[in-house]
Every structure is written in structure tokens, then in C-alpha cells.
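Asker: structure for the following, please:
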Amino acid sequence: MRLTHLVATAAIAALLASCTANEAMDTVDVDLKKVSSKVNYQLSGKIVQKMQAMSMAKDSPIMLRIFKEEGVLEVWKANSSNRFEMLRQYKICAWSGKLGPKVKEGDRQAPEGFYPISPGQMNPNSSYYLAINTGFPNRFDQANGRFGTNLMIHGACSSSGCYSMTDEQMQEIFALSRDAYKGGQQAIQLQALPFRMTAENMARHRNSPNIDFWNMLKPGYDQFEITKRPPEVNICEKKYVFNQQTDGKFSPTGQCPAMSTPATMQGALASYNKKYNDDYAKATKKLDGLVWYEPTEAERKAIVAKQRVGKELAYAPTGTSLDAGKLMKVADLEKQEARRTELEEAKKAIEIQKAELDKSTRNGKSVPVPAENPLPKPVQQAAVEQPGAARKGFWGSLFSKGGADAQQLEPAAVAPVDAAQQQPAGQPQTVQHSVAVATPQPAATATAKKPADAAAAQTVASTEAAPMAEQALAEQQPKKRPFWKIWGN
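Answerer: Numbers count the residues shown, from 1 in each chain. This is a model prediction of the structure:
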């Protein structure tokens, strides 16, 4: 079984590599130093000659097709028989997020789906050299509550949800689109897809949470592969439908009308799907026990980090998912994802602690944070319940009812002792105070009934609590003047 997995991994890797190896990226013949007007730039002689060789008029319609996983943007152009052929294939410099559709503003996802681009979506004054608005959210996105703004195909090689090209590539794409509009094309269809929807790729991504969405896009991909003409796209019941005939009306959120697939398309689809199903069964068998690890944007950037050397800080190319991702055993991927979850939780915990620390400081200064009273509960309770006893001094105990004997019955927690009274004669007196901490004592008759060891334990606990109690209770007591100054001002 292990050998089978290794063979399958090697076979799939070779298959994936062949997706791009056989289709070299076109070299753009644009020298920006010689471009005097971005809007009026004329295509190079080389690309015009290529169009002529492919029986394409300079102003014939075009279609744009994007494959995220490979990181490519294709320009397809209509020939004299009104079938589309691929004229250009560009390497996308940067796209953010991972495979999967854009759902909301700020998720860094680049759109996936079918988008009509009208002339008004062309922006010659973009801050990113040139830009074409994808039209996200389209009717499907809106019906499904997906939202976001300014999702573009633009230059500058920097993306936060867009498909970003180099400035040279963008100049050529812009000129091709402009000429198509001049030829009378009302809208250019953009097909933004996660990958080529072959049986092998669909089987490889069969465990993705986006697989249902991709299965919905697949008929549009299939029908273009069969006809080599952009499919007619409609939305009903919050889903895409392609090349459907009907006498009714399509409503993005309403029920789909009665519709049918043209007879010629039905026959072609039957043959296409039969081969697809056979290939899919073979692919899933080869992939048994394996799953595709979809890399993060950071992992894609890491494999092309050297490309940023010597460039502007805004220049942020991303590598392809095919290069950064890999096939893994299911158990290994589960362990990896569990470890990633642990790291994310630890990171969140650190962020929470930092936020709490920031709350406790203002302008770099420490702000007191309420803390639990450090005094032991017996001492704390005595200080609260008998504040008078805690403040009694020498004279208070002398003249209290019962004299010194009565003082033993007081539940006072602290009895201050003036060190001056105990200072040996002939030595200078120092202003030092010691604090003796005593536990509350009951009446003499009740004390006699207590075990000796319990009394000893209380004495030890009181002695240990003395250092903490001394400072806290000293702050509560009023400052005493020496007894010889009792008649002073």
C-alpha cells in the first residue's frame, strides 16, 4: 500500500507539472519607456502578426480566463469562424488568499465565477498603472450575500483580493480589450476559475469545502471547452446556469423557469461527460488515501521571495499553488492541521494578554489594577469588624473598662508597641515600631477547652501573616504623637 501511494504521488506530480510545462508563458513586447499614452498604446508588430496568422481581426471579440492554481491569465480571441483561440497566456504576478470564492470585504480572496466586463469598467487612471474592474459582486454573488469592492485586474504586482499583473502585461491586456470594444463587443466575459476543471484536478480537490461551488461552475467550463465560445450565463435559484433555452425569465433569487439544453449541446455533452466520468474514476483510484494540501498565501510568497530583491516594497509576487502545495496522506494532513490550530490558538492567547496589558497602562504609565486583599481572612475580618480596637493605643487600653485584663478579651488584630518604652537606658531612642499580630481570643473559660495544638497553629499562622499585615494596617491607623506631646497643639 505504501509503494502504491508513492507511485500515485509521483504520477500526479508529473501530471500537474505537465499542465504548465507544455504551455510556455508569452513574452510581452512592451517597453514602458516608449509608451507616451497608456490609453492609446498600439499593440506591437509581433502580436499583430500572430493574430493575422490565426485569422483574427485586430478588433475581434476577446475572452479572459484565469486559473488561480496555475497562476495564469489567458486571452482568447475570436477567429474568422467566430471560434475562440488562445492568443496570449500571461503569468499572474500576484493573487491573494487561497483557492475558493470571495465572500466578504477584507477576506483577501480573489473572485471566482463568470463576470461580464463592460467598457465602463476600464480604468486608465488607476494607481496601479492600469486596471479593469472584474464586476464583483455580480448577480450570483449578490443573491448569495457576497460582497466586496474594487476587485480588479491591475498592474503593479501587489494584491489584496485582486489579480495583479506586471505593468507591461497590463498595458497589453488593456490594449487588447480596448480594440475589442472598438470592434463592437458589448461585454468581455471573464472566467475566473480555481483550476482547469479536468477529471484529475476535480478528483484532487474532491475534499475541498468549495467542491460544491466548483461543481456548479464546471458546466460553464465544459461547454466552453466543447464549443470554444463563451457560454451564455444566467442566474436563478442563487446558482449559475449555462446555455439554457427558455420562454420564461431568469431571476437570481427566484425559481428557475422551465429550460432545456440545445440538442446539439446535449449530444456533445453526453460524449464529453462519459470520458470525464471514466477519467475521474481512474483518478480517484490513484488518489486513494491521499489528499491535496492547499498552501497559504504566505507559503506561496515564500517560494518566490528572491524575486522581491532590489524591487519596490509594494512589489509582492506570489508563487503558484501547484509549486507550494503537495499531496499528503490523510493522517499526516490531519496532524499538520491540528498543529496549525494549536499555534493559532496560542497566538490568539498572546494577543489577548497583550490587549489586557495595554489596558492597564496609559501613555506609558502604569495604572493601578485592583487586586485581592493580601491580608489573611482572620486579620482582614478583624480589621473591618473592630476598627476601634485596632486603633487603640497605650492610653486607650489603660482606661478601657476592665483595664489590662479586659484588653485580652478584645478581638483586636494588631497592638502597636512603642519601642521607646523598651529602649535600654543611656542609649538614643529610635522611632521604630514592631507589630504583633494576634488572633481573636475568646473568653478564658472557652480558651481552656481548646486543644493546645490548635492554639499553637493559630500562633504560627499569625506570625507568618505579620509582615503582610504590618504595612496594610499601618496605612489605616492615624499617625500618633508621642505621649509627652499629648497636650501640644
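Asker: need the longest helix for the protein.
Answerer: helix 330-359 (DSSP state H).
Asker: which helices and strands sit right next to that helix?
Answerer: Judged by 3 or more C-beta pairs under 8 Å, 6 or more residues apart in numbering; DSSP states H and E, the packing partners of helix 330-359 are strand 290-293. (Each C-beta comes from the backbone N, C-alpha and C, glycine too.)
Asker: quick one: average confidence on the strand it packs on?
Answerer: Averaging pLDDT along strand 290-293 yields 95.
Asker: after that strand, which helix or strand is next?
Answerer: Counting by DSSP states H and E, the element after strand 290-293 in chain order, helix or strand, is helix 297-302.
Asker: buried sites along that next one?
Answerer: Using 16 or more other C-beta atoms under 10 Å as the test for burial, helix 297-302 gives Glu297, Glu299, Arg300, Lys301.
Asker: what of stretch 45-56?
Answerer: In stretch 45-56, counting by 16+ other C-beta under 10 Å, buried: Ile47, Lys50, Met51, Met56.
Asker: confirm that the last one lies within a helix, as I assumed.
Answerer: No. Assignment of Met56 by DSSP: H, G, I helix; E, B strand; the rest coil gives coil, placing it outside any helix.
Asker: that one contacts Leu87, correct?
Answerer: Yes. Using C-beta atoms under 8 Å, Met56 is in contact with Leu87, at 7.0 Å.
Asker: need the overlap of contacts for those two.
Answerer: Here Met56 and Leu87 have Lys77 as joint contacts, going by C-beta atoms under 8 Å, 6 or more residues apart in numbering.
Asker: how is the protein divided into domains?
Answerer: Annotated domains of the chain cover 2-351, 376-408+464-475 [automatic domain parsing].
Asker: now do the buried residues in stretch 96-106.
Answerer: Within stretch 96-106, the residues scored as buried using 16+ other C-beta under 10 Å are Ser96, Gly97, Lys98, Leu99, Gly100, Pro101, Lys102.
Asker: next, the contact list for the last one, please.
Answerer: I take that to be Lys102. Contacts of Lys102 (C-beta under 8 Å, 6+ apart): Gln109, Ala110, Pro111, Glu112, Phe136, Asp141, Arg146, Gly148, Leu151, Gly161.
Asker: neighbour-wise, which of the residues you listed leads?
Answerer: Greatest neighbour count in these, by other C-beta atoms under 10 Å, goes to Ala110: 29 neighbours.
Asker: so where's the stretch 1-150 of the chain uncertain?
Answerer: 1-24 (pLDDT under 70).
Asker: what would the contacts of Lys102 look like in TSV with secondary structure and distance to Ala270?
Answerer: Formatted as TSV, the entries for the contacts of Lys102 read as follows, by DSSP: H, G, I helix; E, B strand; the rest coil; distance: C-beta to C-beta, whole Å:
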residue	secondary structure	distance to Ala270
Gln109	coil	35
Ala110	coil	34
Pro111	coil	31
Glu112	coil	27
Phe136	coil	34
Asp141	helix	31
Arg146	coil	33
Gly148	coil	38
Leu151	coil	36
Gly161	coil	39
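Asker: just to revisit the earlier point, between the domains of the chain, which gets nearest to Thr361?
Answerer: Taking C-beta to C-beta, domain 2-351 is the member of the domains of the chain nearest to Thr361, at 16.2 Å.
Asker: so where do the helices sit in the stretch 151-300 of the chain?
Answerer: 167-182, 199-204, 211-227, 263-286, 297-302 (DSSP state H, counting those that start in this stretch).
Asker: in the first one, what's buried?
Answerer: Using 16+ other C-beta under 10 Å as the test for burial, helix 167-182 gives 167-181.
Asker: same question for the third one.
Answerer: Under the neighbour-count criterion of 16+ other C-beta under 10 Å, helix 211-227 has Phe213, Trp214, Leu217, Lys218, Pro219, Gly220, Tyr221, Asp222, Gln223, Phe224, Ile226 buried.
Asker: swap in the longest one?
Answerer: When burial is assessed from 16+ other C-beta under 10 Å, helix 263-286 yields the following buried residues: Met265, Ala268, Leu269, Tyr276, Tyr280, Ala283, Lys286.
Asker: identify the residues contacting it?
Answerer: Residues contacting helix 263-286 (C-beta under 8 Å, 6+ apart): 8, 11-12, 198-200, 202-204, 206, 222-223, 225-227, 243, 261.
Asker: narrow those residues to those that are buried.
Answerer: 8, 12, 198-200, 202-204, 206, 222-223, 226, 243, 261.
Asker: let me know the closest of these to Asp31.
Answerer: Nearest to Asp31 among the buried ones among the contacts of helix 263-286: Thr198, at 37.3 Å, using C-beta to C-beta.
Asker: next, find the distance separating the closest residue to the closest one other than its chain neighbours from Ala199.
Answerer: Closest residue to Thr198 apart from its sequence neighbours, by C-beta to C-beta, 6 or more residues apart in numbering: Asp279 at 7.5 Å. Distance, Asp279 to Ala199, by C-beta to C-beta, to the nearest Å: 3 Å.
Asker: tell me the one among the buried residues of helix 297-302 nearest to Leu313.
Answerer: Looking across these and measuring by C-beta to C-beta, the closest to Leu313 is Lys301, at 13.5 Å.
Asker: so what's the closest one up against?
Answerer: When contacts are taken as C-beta under 8 Å, 6+ apart, Lys301 is in contact with Ala316, Pro317, Thr318, Gly319.
Asker: most surrounded residue in the residues you listed?
Answerer: Thr318 leads the contacts of Lys301 on contacts (other C-beta under 10 Å) with 26 neighbours.
Asker: for that one, give me its contacts.
Answerer: With C-beta under 8 Å, 6+ apart, Thr318 has these contacts: Gly71, Cys93, Ala94, Trp95, Ser96, Ser159, Glu297, Arg300, Lys301, Val304.
Asker: turn the contacts of Lys301 into TSV, columns for distance to Ser360, secondary structure and pLDDT.
Answerer: Converted to TSV, those look like this (distance: C-beta to C-beta, whole Å; DSSP: H, G, I helix; E, B strand; the rest coil; pLDDT from 0 to 100):
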residue	distance to Ser360	secondary structure	pLDDT
Ala316	37	coil	93
Pro317	42	coil	95
Thr318	40	coil	95
Gly319	43	coil	95
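Asker: now these in TSV, with distance to Ser37?
Answerer: Listed next are the contacts of Lys301 as TSV, based on distance: C-beta to C-beta, whole Å:
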residue	distance to Ser37
Ala316	28
Pro317	28
Thr318	31
Gly319	34
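Asker: how far away is the nearest residue to Leu43 once chain neighbours are set aside from Pro137?
Answerer: Nearest non-adjacent residue to Leu43, counting by C-beta to C-beta, 6+ apart: Ala175, 5.4 Å away. Separation of Ala175 from Pro137 (C-beta to C-beta): 28 Å.
Asker: do Asn40 as well
Answerer: 32 Å.
Asker: more neighbours: these two, which one.
Answerer: Neighbour totals were compared for Asn40 and Pro137, and Pro137 leads with 21 against 10 (other C-beta under 10 Å).
Asker: cool, thanks, talk later.
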